[in-house]
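[1] Quick one, fold the following:
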Amino acid sequence: MQEWVGSDLRRDYAAVTWSALKLPGDAPVEALERNEAWRLLLDAEGIALYERAVARKQPKRVQRMDLLQLIYLAGARRRILATSDAGLLRAGAAILPGRYLNARVVSAADILE
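    Sure thing, here's the model as predicted:
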């Protein structure tokens, strides 16, 4: 995660996403980095990129639409996402601790016990 945050590639992903959403002008990357929802989006893109292109052992892919659920964790003080998707659990464990206060992804089975 350390290599991703602040990287040129992350900035490129922000710019491409900004453009794809048909937002005006150039992506204000510094402002986007101050917005937790955008940071979560970019972190989700980063974990997907890492797992698909860099990791030596390729884990089972987590689908992009599942990763985008992480954005819902932005904007609340206590936030939790329960899922049975092992890939989403793995991605959440890689992204959230230490970067997003009180945000976590947990196994749905653990909640139902």
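[2] so residue 70 touches residue 44, yeah?
    Yes: shown here, residue 70 and residue 44 form a contact pair, counting by CB atoms under 8 Å, at 5.2 Å. (C-beta placed from N, C-alpha, C; glycine too.)
[3] Give the residues shared as contacts by the two.
    Counting by CB atoms under 8 Å, 6 or more residues apart in numbering, the common neighbours of residue 70 and residue 44 are 91, 95.
[4] and the lengthiest helix in the chain, what does it pack onto?
    Using DSSP state H, we find that the single longest helix of the chain is helix 36-53. Applying 3 or more CB pairs under 8 Å, 6 or more residues apart in numbering; DSSP states H and E, one finds that helix 36-53 contacts helix 8-20, helix 29-34, helix 64-67, helix 86-95.
[5] would TSV of those helices with mean neighbour count, mean pLDDT and distance to residue 77 be doable?
    Shown next, in TSV, are these (neighbours: other CB atoms under 10 Å; pLDDT from 0 to 100; distance: least, CB to CB, whole Å):
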stretch	mean neighbour count	mean pLDDT	distance to residue 77
helix 8-20	14	96	26
helix 29-34	13	96	18
helix 64-67	14	91	23
helix 86-95	19	94	18
